[in-house]
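Engineer: here's my sequence, what's the structure:
(chains A and B)
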Amino acid sequence: MKSLLKTFLRNRKAAIGLSIVLIYVVIAIAAPLIAQYDPLGRVGRPHQAPSADHWLGTTRMGRDVFSQLIYGTRNSLMVGLLAGFIVTAIGTTIGITAAYFGGKVDDVLNFMTNVVLVLPQLPLLLVLAAFLGQVSPLAIALIIGVTSWAWGARVTRAQALSLKTRDYIQASEMIGEPAWRMILVEMLPNLLSIIGFNFIGSVIFTIITQATLEFLGLGSPLTLSWGAMLYNAQNASAIIVGAWWEILAPCGAIVFIGIGLSLMNFGVDEIANPRMRSLGQVAKALKQERRLNRQRMQEAKQ
Amino acid sequence: MQFLLKRLAFYLVAFLVAATFNFVIPRMLPGNPADIMLANANAAMGPAAREALMATFGFVDAPLHEQYFSYLKSIFTWDFGVSVKFFPVPVTDMLMQALPWTLFLTGAALLVSFSVGTLLGILAAWRRGTMIDVIASPTALALQSIPSVVVALCGLYFLGVSNKIFPTSYAYDPKLDPTWSVEFISSVAYHGFLPVLTLSMVLVGGYLVTMRNNMIGQLGEDYISMGEAKGLSDARVRYTYAARNALLPSVTSLALSFGALFGGSLVTEVVFNYPGVGNLLYLGIVGRDFPLIQGQLLIMTLAMLIANFAVDLAYVFLDPRLKRA
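Structural biologist: Take a look at the predicted model:
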């Protein structure tokens, strides 16, 4: 575990991504210490531009945007992590089960996965959320969790299938290891990178989707979240009256954590497939190669 | 041929799943499902219209499976009920009026983002580690993690409201009549620019990354070195050798991106007040107009499935092995 973490942190993208995400975690935990105002209280005049008193201005209701943003972090992280966990749990279980047992089991599970993949996800979520009424963040996490596992199941299955043909797996099968041991001890550890990739990707997807659902008016307008901030800003015609801070603040928060998480994911991907490495190392290696080639050319001429 | 028939059967099942979902959801909630569906009924709706609407959704005095078949029958006869908010307009009429705008938006965005993304992906892989790769690849990655709501709102603010370069709502100038005149078409293009740009921005990153990764995989193959050894031009090796083969998995992943495409267009239409299915859906959500909300799920599912089928066709065309099989 420790060496795994070390490999992860040695990748520069992963390390930067992780630090961005950690900043959000700290903000979420220390929200009451960082926010100067009650996020739901009327603490200023409506639509004040950012100032020393209100770092990110105020909403039409005279609420402090900065304090709302800080408290909203809690909500988005919790929903993201919870839904990410559900998505990964379902996707991994289905993917590995299908790949390991094969045959009829695989046919059924794979068919299910493919059907869910061709259904339009956002419209599906919208119907669910609309019938449930103005849903709480917890309900949003649940409905995203149970509808979004298909992609993870598909990639996990593909990876597990290729794993199944390896010699060591067939060897352990010969020894007669029970199915649970084959799955949990032999296969799962080798699928960690794809599972991690799936988890982080699902967290990003959830944060984005939660904001979208709430923006469309399906969340509860009283929750403190980035999506609810966007919804309230839209309702207050913030853009038209020029209150850009009310829109750009939650947008920035969503974009920044999205970048942090996807940097982590790029790191995971690069560790798992060294071929995908780009930027620094490859650029350096290619430059070196070109320089060497030029040197050799010159030497050859002489 | 058999491949395509198999796919068609699969899509039929997928559509049935969406329809079943619509059938089951109201019946799973506590309370009377018919009352929930029609809770916000327009005052103009009389008891007869109410009866008819209930029958459309299978709320008939019969066992559950008969209710289900009654609902399926309405759907397959293209009867999605009437809107309770805009009574007595049929849901299918409203959706069919909005659908062309959504298809225009998604089609244009798909064309722009897939061609730009794929081309940049080819170049980024070909010149791996150079400026274009170092700038384009991480930018694509960043774009991928930005929700369409954010791109749309920022586009609306910076290019629509504060700089007034582009219009902020409607699909064309409301003063014009919809005809095939140059004036009308340019108005449509002008009004569509920001929504299409928004949607393309969200999608382009995914196509770029996929194509780049596929290309890198192909560039290591022997037939590439062979092509180079034969003295073919760089462009020929790049496009007709490597890219031609790298495109296959890219087209597969194209089908997976339709969810993001249609989802993104729903949001974009709301932000830009664009008269497509998404905007209609928004009205439905605000008014809790359940027949309308359910109808858009069916329409979006149909659109998704047709788009997927188009990808299957393209796949047969791109991969001749499938034609023989």
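Engineer: could you check the pLDDT of A:L230?
Structural biologist: A:L230 is assigned 89 on the pLDDT scale.
Engineer: and A:A283, by the same measure?
Structural biologist: At A:A283 the predicted local distance difference test score is 61.
Engineer: same question for the one 3 residues further on.
Structural biologist: Predicted confidence (pLDDT) for A:L286: 68.
Engineer: contacts only, for the closest residue to chain A within the stretch 51-200 of chain B.
Structural biologist: Closest residue of the stretch 51-200 of chain B to chain A, Cβ to the nearest Cβ: B:S145 (3.2 Å). For the C-beta atoms, the positions are set from N, CA and C on the backbone; glycine is no exception. When contacts are counted by Cβ atoms under 8 Å, 6 or more residues apart in numbering or on different chains, B:S145 touches A:204, A:208, A:255, A:258-259, A:261-262.
Engineer: mind doing that once more with 7 Å?
Structural biologist: Residues near B:S145 by Cβ atoms under 7 Å, 6 or more residues apart in numbering or on different chains: A:204, A:258-259, A:261-262.
Engineer: how far away is it from A:Q298?
Structural biologist: Summarising the geometry, the distance separating B:S145 from A:Q298, computed by Cβ to Cβ, to the nearest Å, is 46 Å.
Engineer: how about B:G107?
Structural biologist: Following Cβ to Cβ, the distance that separates B:G107 from A:Q298 is 54 Å.
Engineer: excluding sequence neighbours, find me the nearest residue to whichever residue of the stretch 151-300 of chain B sits closest to chain A.
Structural biologist: When distances are taken as Cβ to the nearest Cβ, the stretch 151-300 of chain B approaches chain A most closely through B:G263, which lies 3.3 Å from it. In space, not counting the residues next to it along the chain, B:G263 is nearest to A:L122; the distance is 3.3 Å by Cβ to Cβ, 6 or more residues apart in numbering or on different chains.
Engineer: did I read that right, that neighbour in a strand?
Structural biologist: No. Remark: A:L122 does not belong to a strand; assigned using DSSP: H, G, I helix; E, B strand; the rest coil, it is helix.
Engineer: hang on, it packs against B:L266?
Structural biologist: Yes. A contact is recorded between A:L122 and B:L266 when judged using Cβ atoms under 7 Å, the distance being 5.9 Å.
Engineer: can you give me the pLDDT of the residue most central in space within chain B?
Structural biologist: By Cα atoms, centre = their mean, the mean C-alpha position of chain B lies nearest to B:F262, the distance being 2.5 Å. According to the prediction, B:F262 has pLDDT 87.
Engineer: do the same with A:L109
Structural biologist: Model confidence at A:L109, expressed as pLDDT, equals 93.
Engineer: one more: A:G280?
Structural biologist: Reading off the confidence values, A:G280 has pLDDT 53.
Engineer: next, count neighbours for the residue of the stretch 151-300 of chain B closest to chain A.
Structural biologist: Close neighbours of B:G263, defined as other Cβ atoms under 10 Å in any protein chain shown, add up to 25.
Engineer: mind telling me what element it is part of?
Structural biologist: Under the criterion of DSSP states H and E, B:G263 resides in helix B:258-271.
Engineer: how far off centre is that helix?
Structural biologist: 7 Å (Cα atoms, centre = their mean, to the nearest Å).
Engineer: now for the longest helix along chain B, which elements pack on it?
Structural biologist: Within chain B, and with DSSP state H defining each element, the longest helix by residue count is helix B:182-219. Using 3 or more Cβ pairs under 7 Å, 6 or more residues apart in numbering or on different chains; DSSP states H and E, the elements in contact with helix B:182-219 are helix B:91-126, helix B:131-144, helix B:148-155, helix B:244-256, helix B:258-271.
Engineer: what residues of the longest one count as buried?
Structural biologist: Applying a neighbour-count criterion of 16 or more other Cβ atoms under 10 Å in any protein chain shown, one finds B:91-92, B:94-95, B:98-99, B:101-106, B:108-110, B:112-114, B:117-118, B:120-126 buried in helix B:91-126.
Engineer: how about the residues of the stretch 101-250 of chain B near chain A?
Structural biologist: Applying Cβ under 7 Å from any Cβ of the partner chain, one finds that the stretch 101-250 of chain B approaches chain A through B:128-129, B:133-134, B:137, B:141-142, B:144-147, B:149-150, B:153-154, B:156-157, B:161, B:213, B:216.
Engineer: quick one: buried ones out of these?
Structural biologist: B:128-129, B:133-134, B:137, B:141, B:144-147, B:149-150, B:153-154, B:156-157, B:161, B:213, B:216.
Engineer: can you get me a residue count around B:A55?
Structural biologist: Burial of B:A55 is recorded as 16 neighbouring residues (other Cβ under 10 Å).
Engineer: can you tell me the SS state at it?
Structural biologist: Following three-state DSSP, the label given to B:A55 is helix.
Engineer: next: the one 3 residues further on.
Structural biologist: Per three-state DSSP, the secondary structure class of B:G58 is coil.
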